[in-house]
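*Asks:* Sequence and computational prediction follow.
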Amino acid sequence: MSNLGYFLAAFLVIWATVFAYVYGIARRQRNLEQEVRALREVMERDQPKS
Amino acid sequence: MTKGANRWQYILTGLAALAMVVSLCLVFAYVPTERVMGPVQRIFYFHVPVAWVAFLAFLVACAAGLGYLVRRELSCDALQIASAEIGVVFSATVLMTGSLWARPIWNTWWTWDPRLTTTLIMWLYYAASLMLRNAAEGEERKARFSALLNIIGFVNVPIVFLTIRLWRTIHPVLFTSEGFGLEPRMLVTLMVCLASFTLLFACLVGIRIRAERLAREVRNLQRHTLARADEWKGGLR
Amino acid sequence: MSFWRAMLAILVKDITVELRSRETFSAMLVFALLIAVVFSFALELRVDNARQLAPGILWVAIAFSGVLGINRSFLLEREGACIEGLMLSPQDRSVIYVGKVLASVLFMLLAEAVLLPVLAVLFDVPILSPSLWVILLLGTLGLAVVGTLFAAMTVSTRARDIMLPLLLFPVVVPVIIAATKSTGLILDGRPLAEAFVWMRLMSAFDIVFMVIAVLGFEYVVEE
(Lines give C-alpha, C1' and ligand atoms only; values in the text may rest on other atoms or scores of the structure.)
Protein backbone atom coordinates (compact mmCIF):
# COMPACT_ATOMS: atom_id res chain seq x y z
CA MET A 1 0.00 0.00 0.00
CA SER A 2 1.48 3.33 -0.93
CA ASN A 3 1.81 5.86 1.82
CA LEU A 4 -1.17 7.83 0.64
CA GLY A 5 -3.15 4.61 0.87
CA TYR A 6 -2.57 4.55 4.64
CA PHE A 7 -3.82 8.10 4.89
CA LEU A 8 -7.00 7.27 3.02
CA ALA A 9 -7.45 4.12 5.09
CA ALA A 10 -7.20 6.15 8.30
CA PHE A 11 -9.66 8.66 6.91
CA LEU A 12 -12.11 5.90 6.03
CA VAL A 13 -11.69 4.23 9.41
CA ILE A 14 -12.67 7.39 11.22
CA TRP A 15 -15.77 8.05 9.18
CA ALA A 16 -16.83 4.42 9.00
CA THR A 17 -16.61 4.18 12.79
CA VAL A 18 -18.57 7.38 13.38
CA PHE A 19 -21.29 6.43 10.93
CA ALA A 20 -21.51 2.89 12.27
CA TYR A 21 -22.02 4.30 15.76
CA VAL A 22 -24.65 6.78 14.62
CA TYR A 23 -26.40 4.06 12.62
CA GLY A 24 -26.43 1.83 15.69
CA ILE A 25 -28.04 4.56 17.77
CA ALA A 26 -30.56 5.35 15.04
CA ARG A 27 -31.59 1.73 14.74
CA ARG A 28 -31.97 1.39 18.48
CA GLN A 29 -34.01 4.57 18.49
CA ARG A 30 -36.37 3.22 15.85
CA ASN A 31 -36.96 0.06 17.88
CA LEU A 32 -37.55 2.08 21.00
CA GLU A 33 -40.04 4.36 19.26
CA GLN A 34 -41.93 1.29 18.10
CA GLU A 35 -42.02 -0.03 21.64
CA VAL A 36 -43.28 3.28 22.96
CA ARG A 37 -46.11 3.23 20.48
CA ALA A 38 -46.99 -0.38 21.33
CA LEU A 39 -46.86 0.26 25.06
CA ARG A 40 -48.98 3.39 24.69
CA GLU A 41 -51.59 1.35 22.84
CA VAL A 42 -51.65 -1.26 25.58
CA MET A 43 -52.15 1.47 28.13
CA GLU A 44 -55.03 3.02 26.19
CA ARG A 45 -56.62 -0.37 25.94
CA ASP A 46 -56.42 -0.96 29.66
CA GLN A 47 -57.91 2.41 30.49
CA PRO A 48 -61.64 1.64 30.18
CA LYS A 49 -61.26 -1.56 32.20
CA SER A 50 -59.57 -0.11 35.28
CA MET B 1 -39.69 15.94 27.37
CA THR B 2 -38.72 16.42 23.77
CA LYS B 3 -38.79 13.32 21.67
CA GLY B 4 -37.52 14.82 18.47
CA ALA B 5 -34.46 16.95 17.92
CA ASN B 6 -34.97 20.54 18.88
CA ARG B 7 -33.83 23.59 16.96
CA TRP B 8 -30.47 23.89 18.69
CA GLN B 9 -29.51 20.37 17.77
CA TYR B 10 -30.18 21.05 14.11
CA ILE B 11 -28.07 24.20 14.26
CA LEU B 12 -25.29 22.29 15.98
CA THR B 13 -25.35 19.56 13.40
CA GLY B 14 -25.25 22.12 10.61
CA LEU B 15 -22.29 23.88 12.17
CA ALA B 16 -20.47 20.62 12.68
CA ALA B 17 -21.05 19.57 9.10
CA LEU B 18 -19.81 22.93 7.84
CA ALA B 19 -16.73 22.78 10.03
CA MET B 20 -15.98 19.30 8.79
CA VAL B 21 -16.18 20.36 5.17
CA VAL B 22 -13.82 23.23 5.84
CA SER B 23 -11.44 20.89 7.66
CA LEU B 24 -11.42 18.47 4.78
CA CYS B 25 -10.59 21.23 2.35
CA LEU B 26 -7.77 22.40 4.55
CA VAL B 27 -6.32 18.95 5.09
CA PHE B 28 -6.54 17.86 1.50
CA ALA B 29 -5.63 21.06 -0.29
CA TYR B 30 -4.42 23.92 1.86
CA VAL B 31 -1.90 22.49 4.27
CA PRO B 32 1.63 21.89 2.95
CA THR B 33 3.13 18.44 2.86
CA GLU B 34 5.47 17.73 5.71
CA ARG B 35 9.08 17.33 4.66
CA VAL B 36 10.17 14.22 6.53
CA MET B 37 7.12 11.98 6.54
CA GLY B 38 5.45 12.98 3.32
CA PRO B 39 1.74 13.03 2.52
CA VAL B 40 0.86 10.34 5.04
CA GLN B 41 1.60 12.81 7.80
CA ARG B 42 -1.80 14.33 7.07
CA ILE B 43 -3.28 11.59 9.22
CA PHE B 44 -2.02 13.78 12.06
CA TYR B 45 -4.76 16.32 11.40
CA PHE B 46 -7.39 13.68 12.08
CA HIS B 47 -5.55 11.48 14.57
CA VAL B 48 -4.89 14.28 17.06
CA PRO B 49 -8.46 15.68 17.08
CA VAL B 50 -9.87 12.17 17.48
CA ALA B 51 -7.56 11.62 20.44
CA TRP B 52 -8.60 14.98 21.84
CA VAL B 53 -12.28 14.05 21.57
CA ALA B 54 -11.67 10.75 23.37
CA PHE B 55 -9.92 12.62 26.19
CA LEU B 56 -12.67 15.23 26.31
CA ALA B 57 -15.32 12.51 26.36
CA PHE B 58 -13.76 10.81 29.37
CA LEU B 59 -13.39 14.15 31.10
CA VAL B 60 -17.05 14.98 30.53
CA ALA B 61 -18.02 11.49 31.73
CA CYS B 62 -16.02 12.04 34.91
CA ALA B 63 -17.63 15.41 35.53
CA ALA B 64 -21.09 14.00 34.83
CA GLY B 65 -20.36 11.14 37.21
CA LEU B 66 -19.42 13.57 39.94
CA GLY B 67 -22.55 15.54 39.13
CA TYR B 68 -24.66 12.43 39.51
CA LEU B 69 -23.18 11.40 42.83
CA VAL B 70 -23.74 14.88 44.20
CA ARG B 71 -27.13 15.75 42.71
CA ARG B 72 -28.58 12.34 41.79
CA GLU B 73 -30.12 13.74 38.64
CA LEU B 74 -30.78 11.32 35.82
CA SER B 75 -29.71 13.87 33.25
CA CYS B 76 -26.19 13.55 34.64
CA ASP B 77 -26.43 9.82 34.15
CA ALA B 78 -27.54 10.22 30.55
CA LEU B 79 -24.60 12.53 29.90
CA GLN B 80 -22.12 10.16 31.50
CA ILE B 81 -23.20 7.09 29.55
CA ALA B 82 -23.25 9.03 26.30
CA SER B 83 -19.79 10.46 26.89
CA ALA B 84 -18.27 7.19 28.04
CA GLU B 85 -19.58 5.33 25.02
CA ILE B 86 -18.35 7.97 22.61
CA GLY B 87 -15.02 7.93 24.41
CA VAL B 88 -14.72 4.21 23.82
CA VAL B 89 -15.61 4.59 20.15
CA PHE B 90 -13.12 7.39 19.62
CA SER B 91 -10.36 5.66 21.61
CA ALA B 92 -10.71 2.66 19.34
CA THR B 93 -10.41 5.02 16.39
CA VAL B 94 -7.27 6.58 17.85
CA LEU B 95 -5.70 3.16 18.12
CA MET B 96 -6.58 2.26 14.56
CA THR B 97 -5.42 5.54 13.05
CA GLY B 98 -2.31 5.43 15.22
CA SER B 99 -1.45 2.03 13.79
CA LEU B 100 -2.13 3.20 10.26
CA TRP B 101 0.24 6.10 10.82
CA ALA B 102 2.93 4.04 12.49
CA ARG B 103 3.08 1.41 9.79
CA PRO B 104 4.32 3.48 6.85
CA ILE B 105 6.54 5.72 8.96
CA TRP B 106 8.24 3.26 11.29
CA ASN B 107 7.37 -0.01 9.62
CA THR B 108 5.57 -1.43 12.63
CA TRP B 109 1.89 -1.64 13.50
CA TRP B 110 2.40 -0.78 17.14
CA THR B 111 4.74 1.43 19.12
CA TRP B 112 4.75 1.53 22.88
CA ASP B 113 4.43 5.29 22.70
CA PRO B 114 3.08 6.53 26.07
CA ARG B 115 0.11 8.30 24.55
CA LEU B 116 -0.95 5.38 22.40
CA THR B 117 -0.39 2.85 25.16
CA THR B 118 -2.35 4.92 27.63
CA THR B 119 -5.16 5.11 25.08
CA LEU B 120 -5.11 1.33 24.75
CA ILE B 121 -5.41 0.84 28.47
CA MET B 122 -8.14 3.46 28.81
CA TRP B 123 -10.06 1.89 25.97
CA LEU B 124 -9.95 -1.48 27.70
CA TYR B 125 -10.94 0.04 31.02
CA TYR B 126 -13.90 2.05 29.76
CA ALA B 127 -15.11 -0.87 27.63
CA ALA B 128 -15.06 -3.00 30.77
CA SER B 129 -16.89 -0.28 32.68
CA LEU B 130 -19.62 -0.25 30.04
CA MET B 131 -19.89 -4.03 30.41
CA LEU B 132 -20.24 -3.66 34.14
CA ARG B 133 -23.01 -1.13 33.67
CA ASN B 134 -24.83 -3.59 31.45
CA ALA B 135 -24.41 -6.40 33.93
CA ALA B 136 -25.55 -4.34 36.90
CA GLU B 137 -29.20 -4.41 37.81
CA GLY B 138 -31.34 -1.45 38.65
CA GLU B 139 -31.20 1.99 37.09
CA GLU B 140 -30.00 3.67 40.23
CA ARG B 141 -27.23 1.16 40.76
CA LYS B 142 -26.11 1.36 37.13
CA ALA B 143 -25.84 5.12 37.43
CA ARG B 144 -23.96 4.98 40.71
CA PHE B 145 -21.45 2.37 39.57
CA SER B 146 -20.88 4.10 36.24
CA ALA B 147 -20.27 7.37 38.05
CA LEU B 148 -17.62 5.84 40.29
CA LEU B 149 -15.93 4.06 37.41
CA ASN B 150 -15.92 7.15 35.21
CA ILE B 151 -14.33 9.19 37.96
CA ILE B 152 -11.71 6.57 38.74
CA GLY B 153 -10.99 6.06 35.06
CA PHE B 154 -10.22 9.69 34.44
CA VAL B 155 -8.12 10.05 37.59
CA ASN B 156 -6.15 7.07 36.37
CA VAL B 157 -5.25 8.64 33.02
CA PRO B 158 -2.31 10.74 34.24
CA ILE B 159 -1.09 7.94 36.50
CA VAL B 160 -0.99 5.43 33.68
CA PHE B 161 0.54 7.93 31.27
CA LEU B 162 3.34 8.96 33.62
CA THR B 163 4.10 5.37 34.55
CA ILE B 164 4.39 4.27 30.96
CA ARG B 165 6.51 7.28 30.08
CA LEU B 166 8.81 6.45 32.97
CA TRP B 167 8.89 2.85 31.85
CA ARG B 168 9.86 3.90 28.39
CA THR B 169 12.62 6.34 29.30
CA ILE B 170 14.32 3.81 31.54
CA HIS B 171 13.65 1.09 29.01
CA PRO B 172 13.80 2.98 25.74
CA VAL B 173 11.72 1.67 22.91
CA LEU B 174 12.82 2.33 19.38
CA PHE B 175 10.68 5.15 18.18
CA THR B 176 9.87 8.63 19.20
CA SER B 177 6.70 10.06 17.78
CA GLU B 178 6.23 13.66 16.67
CA GLY B 179 9.43 15.09 15.42
CA PHE B 180 8.20 17.89 13.28
CA GLY B 181 7.69 21.57 13.87
CA LEU B 182 4.39 23.20 13.08
CA GLU B 183 4.30 25.78 10.35
CA PRO B 184 1.52 28.37 10.66
CA ARG B 185 -0.58 26.74 7.97
CA MET B 186 -0.32 23.42 9.77
CA LEU B 187 -1.27 25.01 13.05
CA VAL B 188 -4.35 26.63 11.53
CA THR B 189 -5.42 23.35 9.96
CA LEU B 190 -4.95 21.52 13.22
CA MET B 191 -6.98 24.09 15.14
CA VAL B 192 -9.82 23.97 12.66
CA CYS B 193 -9.85 20.18 12.77
CA LEU B 194 -9.85 20.23 16.55
CA ALA B 195 -12.81 22.58 16.54
CA SER B 196 -14.80 20.58 14.01
CA PHE B 197 -14.25 17.30 15.84
CA THR B 198 -15.30 18.95 19.08
CA LEU B 199 -18.52 20.05 17.38
CA LEU B 200 -18.94 16.49 16.13
CA PHE B 201 -18.55 15.29 19.70
CA ALA B 202 -21.28 17.66 20.85
CA CYS B 203 -23.62 16.37 18.14
CA LEU B 204 -22.98 12.75 19.00
CA VAL B 205 -23.55 13.39 22.69
CA GLY B 206 -26.85 15.05 21.87
CA ILE B 207 -27.99 12.13 19.74
CA ARG B 208 -26.99 9.59 22.34
CA ILE B 209 -28.69 11.45 25.18
CA ARG B 210 -31.86 11.63 23.19
CA ALA B 211 -31.76 7.86 22.67
CA GLU B 212 -31.12 7.37 26.38
CA ARG B 213 -34.14 9.50 27.32
CA LEU B 214 -36.28 7.44 24.97
CA ALA B 215 -34.98 4.20 26.49
CA ARG B 216 -35.84 5.54 29.91
CA GLU B 217 -39.35 6.39 28.77
CA VAL B 218 -39.75 2.84 27.46
CA ARG B 219 -38.61 1.38 30.76
CA ASN B 220 -41.03 3.60 32.67
CA LEU B 221 -43.90 2.64 30.43
CA GLN B 222 -43.04 -1.03 30.79
CA ARG B 223 -43.08 -0.76 34.53
CA HIS B 224 -46.33 1.14 34.36
CA THR B 225 -48.10 -1.44 32.18
CA LEU B 226 -46.83 -4.30 34.33
CA ALA B 227 -48.18 -2.57 37.41
CA ARG B 228 -51.50 -2.01 35.70
CA ALA B 229 -51.65 -5.63 34.61
CA ASP B 230 -51.05 -6.74 38.18
CA GLU B 231 -53.82 -4.46 39.41
CA TRP B 232 -56.18 -5.81 36.85
CA LYS B 233 -55.35 -9.41 37.65
CA GLY B 234 -55.82 -8.67 41.32
CA GLY B 235 -59.27 -7.31 40.52
CA LEU B 236 -60.31 -10.59 38.93
CA ARG B 237 -59.59 -12.54 42.08
CA MET C 1 -16.84 1.10 68.79
CA SER C 2 -13.90 3.04 67.53
CA PHE C 3 -12.79 2.89 63.93
CA TRP C 4 -9.78 0.72 64.67
CA ARG C 5 -11.64 -1.80 66.74
CA ALA C 6 -14.40 -2.14 64.18
CA MET C 7 -11.85 -2.58 61.43
CA LEU C 8 -10.01 -5.17 63.45
CA ALA C 9 -13.28 -6.97 64.08
CA ILE C 10 -13.90 -7.27 60.36
CA LEU C 11 -10.37 -8.46 59.77
CA VAL C 12 -10.73 -11.08 62.47
CA LYS C 13 -14.08 -12.16 61.03
CA ASP C 14 -12.58 -12.72 57.60
CA ILE C 15 -9.68 -14.67 59.06
CA THR C 16 -12.02 -16.80 61.14
CA VAL C 17 -14.24 -17.59 58.18
CA GLU C 18 -11.22 -18.58 56.19
CA LEU C 19 -9.75 -20.71 58.94
CA ARG C 20 -12.90 -22.78 59.05
CA SER C 21 -12.93 -23.76 55.41
CA ARG C 22 -9.46 -22.86 54.16
CA GLU C 23 -10.94 -23.00 50.67
CA THR C 24 -10.00 -19.59 49.42
CA PHE C 25 -6.44 -19.56 50.59
CA SER C 26 -5.59 -22.97 49.25
CA ALA C 27 -7.18 -22.10 45.93
CA MET C 28 -5.13 -18.90 45.76
CA LEU C 29 -1.95 -20.69 46.59
CA VAL C 30 -2.38 -23.54 44.15
CA PHE C 31 -3.48 -21.15 41.45
CA ALA C 32 -0.39 -18.97 41.93
CA LEU C 33 1.89 -22.00 41.76
CA LEU C 34 0.09 -23.29 38.69
CA ILE C 35 0.47 -19.99 36.91
CA ALA C 36 4.17 -19.93 37.70
CA VAL C 37 4.58 -23.40 36.26
CA VAL C 38 2.41 -22.86 33.19
CA PHE C 39 4.17 -19.61 32.35
CA SER C 40 7.51 -21.34 32.76
CA PHE C 41 6.47 -23.77 30.06
CA ALA C 42 4.83 -21.15 27.89
CA LEU C 43 7.83 -18.82 28.00
CA GLU C 44 10.32 -21.64 27.67
CA LEU C 45 12.12 -21.13 30.90
CA ARG C 46 15.77 -21.97 30.73
CA VAL C 47 18.75 -21.25 32.92
CA ASP C 48 19.81 -18.28 30.84
CA ASN C 49 16.48 -16.47 30.77
CA ALA C 50 15.20 -17.42 34.22
CA ARG C 51 16.35 -14.21 35.89
CA GLN C 52 14.69 -12.13 33.19
CA LEU C 53 11.37 -13.91 33.35
CA ALA C 54 11.11 -14.33 37.09
CA PRO C 55 9.74 -10.88 38.04
CA GLY C 56 7.03 -10.97 35.38
CA ILE C 57 5.92 -14.48 36.22
CA LEU C 58 5.92 -13.65 39.93
CA TRP C 59 3.66 -10.68 39.50
CA VAL C 60 1.31 -12.32 37.03
CA ALA C 61 0.86 -15.14 39.53
CA ILE C 62 0.24 -12.68 42.37
CA ALA C 63 -2.18 -10.61 40.32
CA PHE C 64 -4.30 -13.52 39.14
CA SER C 65 -4.41 -15.37 42.42
CA GLY C 66 -5.09 -12.10 44.22
CA VAL C 67 -8.07 -11.43 42.01
CA LEU C 68 -9.31 -14.94 42.76
CA GLY C 69 -9.01 -14.39 46.48
CA ILE C 70 -10.68 -10.99 46.53
CA ASN C 71 -13.49 -12.21 44.32
CA ARG C 72 -14.17 -15.18 46.58
CA SER C 73 -14.08 -13.07 49.68
CA PHE C 74 -16.89 -10.90 48.39
CA LEU C 75 -18.85 -13.78 46.92
CA LEU C 76 -18.92 -15.36 50.36
CA GLU C 77 -20.15 -12.10 51.86
CA ARG C 78 -22.88 -11.98 49.32
CA GLU C 79 -23.97 -15.54 49.93
CA GLY C 80 -24.31 -14.94 53.62
CA ALA C 81 -25.87 -11.52 53.13
CA CYS C 82 -23.07 -10.31 55.32
CA ILE C 83 -22.69 -6.88 53.80
CA GLU C 84 -26.23 -5.96 54.73
CA GLY C 85 -25.62 -7.21 58.25
CA LEU C 86 -22.39 -5.28 58.52
CA MET C 87 -24.05 -2.12 57.34
CA LEU C 88 -26.58 -2.24 60.13
CA SER C 89 -23.83 -1.34 62.54
CA PRO C 90 -23.54 2.42 63.14
CA GLN C 91 -20.06 2.60 61.68
CA ASP C 92 -18.68 4.62 58.89
CA ARG C 93 -18.98 2.30 55.90
CA SER C 94 -15.34 2.70 55.00
CA VAL C 95 -14.54 0.53 58.01
CA ILE C 96 -15.84 -2.43 56.07
CA TYR C 97 -13.66 -1.46 53.18
CA VAL C 98 -10.43 -1.08 55.14
CA GLY C 99 -11.07 -4.28 57.07
CA LYS C 100 -11.52 -6.23 53.88
CA VAL C 101 -8.44 -4.69 52.28
CA LEU C 102 -6.37 -5.75 55.27
CA ALA C 103 -7.78 -9.25 55.09
CA SER C 104 -7.01 -9.52 51.38
CA VAL C 105 -3.50 -8.17 51.84
CA LEU C 106 -2.92 -10.66 54.62
CA PHE C 107 -4.01 -13.63 52.56
CA MET C 108 -2.09 -12.49 49.52
CA LEU C 109 1.07 -11.97 51.53
CA LEU C 110 0.70 -15.43 53.02
CA ALA C 111 0.36 -16.92 49.56
CA GLU C 112 3.38 -14.93 48.42
CA ALA C 113 5.35 -16.21 51.38
CA VAL C 114 4.86 -19.72 50.05
CA LEU C 115 5.23 -18.70 46.41
CA LEU C 116 8.60 -17.00 46.84
CA PRO C 117 10.64 -19.99 47.99
CA VAL C 118 9.14 -22.07 45.19
CA LEU C 119 10.20 -19.42 42.69
CA ALA C 120 13.61 -19.25 44.32
CA VAL C 121 14.00 -22.91 43.51
CA LEU C 122 12.49 -22.82 40.01
CA PHE C 123 14.22 -19.67 38.87
CA ASP C 124 17.30 -19.68 41.01
CA VAL C 125 16.73 -16.18 42.30
CA PRO C 126 17.69 -14.72 45.68
CA ILE C 127 14.65 -13.99 47.78
CA LEU C 128 16.11 -13.04 51.10
CA SER C 129 16.36 -9.31 50.48
CA PRO C 130 14.11 -7.08 52.64
CA SER C 131 13.68 -4.60 49.81
CA LEU C 132 12.02 -7.40 47.85
CA TRP C 133 9.54 -7.86 50.68
CA VAL C 134 8.81 -4.13 50.72
CA ILE C 135 8.12 -4.27 47.01
CA LEU C 136 5.83 -7.23 47.52
CA LEU C 137 3.95 -5.34 50.21
CA LEU C 138 3.56 -2.19 48.10
CA GLY C 139 2.42 -4.09 45.05
CA THR C 140 0.04 -6.34 46.94
CA LEU C 141 -1.44 -3.32 48.66
CA GLY C 142 -2.02 -1.66 45.30
CA LEU C 143 -3.84 -4.71 43.97
CA ALA C 144 -5.93 -5.13 47.10
CA VAL C 145 -6.87 -1.47 47.47
CA VAL C 146 -8.35 -1.22 43.99
CA GLY C 147 -9.52 -4.82 43.85
CA THR C 148 -11.58 -4.60 47.02
CA LEU C 149 -13.38 -1.47 45.84
CA PHE C 150 -14.16 -2.96 42.45
CA ALA C 151 -15.13 -6.35 43.86
CA ALA C 152 -17.78 -4.69 46.01
CA MET C 153 -19.33 -3.50 42.76
CA THR C 154 -18.77 -6.50 40.54
CA VAL C 155 -20.18 -9.18 42.80
CA SER C 156 -23.58 -7.55 42.73
CA THR C 157 -23.79 -7.84 38.96
CA ARG C 158 -24.84 -10.63 36.66
CA ALA C 159 -21.36 -11.39 35.31
CA ARG C 160 -19.88 -11.48 38.78
CA ASP C 161 -17.08 -13.94 38.08
CA ILE C 162 -15.40 -12.22 35.18
CA MET C 163 -15.99 -8.53 35.75
CA LEU C 164 -13.38 -8.03 38.45
CA PRO C 165 -10.29 -8.98 36.41
CA LEU C 166 -11.68 -7.11 33.42
CA LEU C 167 -11.96 -3.87 35.35
CA LEU C 168 -9.03 -4.30 37.67
CA PHE C 169 -6.17 -5.05 35.33
CA PRO C 170 -6.26 -1.85 33.29
CA VAL C 171 -6.26 0.19 36.47
CA VAL C 172 -3.38 -1.65 38.14
CA VAL C 173 -1.10 -1.56 35.10
CA PRO C 174 1.09 1.06 36.82
CA VAL C 175 1.48 -1.27 39.80
CA ILE C 176 2.37 -4.21 37.61
CA ILE C 177 4.93 -2.18 35.69
CA ALA C 178 6.49 -0.71 38.83
CA ALA C 179 6.47 -4.00 40.70
CA THR C 180 8.08 -6.03 37.93
CA LYS C 181 10.69 -3.39 37.19
CA SER C 182 11.71 -2.98 40.80
CA THR C 183 11.64 -6.73 41.47
CA GLY C 184 13.86 -7.26 38.47
CA LEU C 185 16.31 -4.63 39.66
CA ILE C 186 16.51 -6.13 43.13
CA LEU C 187 16.89 -9.69 41.87
CA ASP C 188 19.69 -8.53 39.61
CA GLY C 189 21.45 -7.13 42.63
CA ARG C 190 21.26 -3.50 41.50
CA PRO C 191 21.50 -0.85 44.21
CA LEU C 192 18.27 -0.01 45.98
CA ALA C 193 18.41 3.60 44.79
CA GLU C 194 17.56 2.51 41.27
CA ALA C 195 14.44 0.69 42.38
CA PHE C 196 13.43 3.64 44.48
CA VAL C 197 11.63 5.53 41.77
CA TRP C 198 9.35 2.55 41.17
CA MET C 199 8.72 2.06 44.85
CA ARG C 200 7.80 5.70 45.21
CA LEU C 201 5.40 5.29 42.32
CA MET C 202 3.74 2.31 43.96
CA SER C 203 3.45 4.15 47.26
CA ALA C 204 1.86 7.13 45.54
CA PHE C 205 -0.54 4.82 43.72
CA ASP C 206 -1.48 3.06 46.94
CA ILE C 207 -2.16 6.31 48.76
CA VAL C 208 -4.12 7.94 45.95
CA PHE C 209 -6.35 4.95 45.41
CA MET C 210 -6.79 4.28 49.11
CA VAL C 211 -8.17 7.80 49.47
CA ILE C 212 -10.40 7.44 46.43
CA ALA C 213 -11.64 4.06 47.59
CA VAL C 214 -12.39 5.15 51.15
CA LEU C 215 -14.42 8.04 49.77
CA GLY C 216 -16.05 5.99 47.07
CA PHE C 217 -16.94 2.86 49.05
CA GLU C 218 -19.85 4.69 50.67
CA TYR C 219 -21.37 5.09 47.25
CA VAL C 220 -20.89 1.47 46.33
CA VAL C 221 -22.69 -0.09 49.25
CA GLU C 222 -25.42 2.46 49.83
CA GLU C 223 -28.72 0.76 49.18
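*Replies:* Looks like it came in fine.
*Asks:* so B:Ile207 sits right up against A:Gly24, yeah?
*Replies:* No - using C-beta atoms under 8 Å, B:Ile207 makes no contact with A:Gly24, being 10.6 Å away. Every residue, glycine included, has its C-beta placed from N, CA and C.
*Asks:* Those two: which is more packed in?
*Replies:* B:Ile207 (20 against 13; other C-beta atoms under 10 Å in any protein chain shown).
*Asks:* Now that one: which helix or strand?
*Replies:* Using DSSP states H and E, B:Ile207 sits within helix B:184-236.
*Asks:* So that helix, near chain A or not?
*Replies:* Yes - Helix B:184-236 is in contact with chain A by C-beta under 8 Å from any C-beta of the partner chain, via B:200, B:204, B:207-208, B:210-211, B:214-215, B:217-218, B:221-222, B:224-225, B:228-229, B:231-232, B:235.
*Asks:* For that helix, the averaged confidence score.
*Replies:* Average pLDDT, helix B:184-236: 87.
*Asks:* and that helix, what other elements does it pack with?
*Replies:* In terms of contacts (3 or more C-beta pairs under 8 Å, 6 or more residues apart in numbering or on different chains; DSSP states H and E), helix B:184-236 is packed against helix A:3-46, helix B:7-25, helix B:44-71, helix B:74-106.
*Asks:* Adding mean pLDDT, write the ones you listed out as a markdown table.
*Replies:* Converted to a markdown table, the helices and strands packed on helix B:184-236 look like this (pLDDT from 0 to 100):
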| stretch | mean pLDDT |
| --- | --- |
| helix A:3-46 | 89 |
| helix B:7-25 | 88 |
| helix B:44-71 | 95 |
| helix B:74-106 | 94 |
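*Asks:* Disregarding flanking residues, what is the spatial nearest neighbour of the most centrally placed residue in chain B?
*Replies:* Residue closest to the average C-alpha location in chain B (C-alpha atoms, centre = their mean): B:Gly87, at 1.9 Å. Among residues not flanking B:Gly87 along the chain, B:Ala57 sits closest, at 3.4 Å (C-beta to C-beta, 6 or more residues apart in numbering or on different chains).
*Asks:* from what I can see that neighbour touches B:Phe90, true?
*Replies:* Yes - counting by C-beta under 8 Å, B:Ala57 sits close enough to B:Phe90 to count as a contact (6.2 Å).
*Asks:* Name the residues contacting each of those two.
*Replies:* B:Phe201 (C-beta atoms under 8 Å, 6 or more residues apart in numbering or on different chains).
*Asks:* And the two? Which one has more around it.
*Replies:* Higher neighbour count among B:Ala57 and B:Phe90: B:Phe90, with 30 against 24, using other C-beta under 10 Å.
*Asks:* Nearest to chain C within chain A, name that residue for me.
*Replies:* Here chain A gets closest to chain C at one residue, A:Arg28, 20.6 Å apart by C-beta to the nearest C-beta.
*Asks:* Now C:Cys82: closest residue in space that isn't a chain neighbour?
*Replies:* Nearest non-adjacent residue to C:Cys82, counting by C-beta to C-beta, 6+ apart: C:Leu76, 7.6 Å away.
*Asks:* rewinding a little: what subset of the residues of helix B:184-236 next to chain A is buried?
*Replies:* Among the residues of helix B:184-236 next to chain A, those buried by neighbour count (16 or more other C-beta atoms under 10 Å in any protein chain shown) are B:200, B:204, B:207-208, B:210-211, B:214-215, B:217-218, B:221, B:225, B:228.
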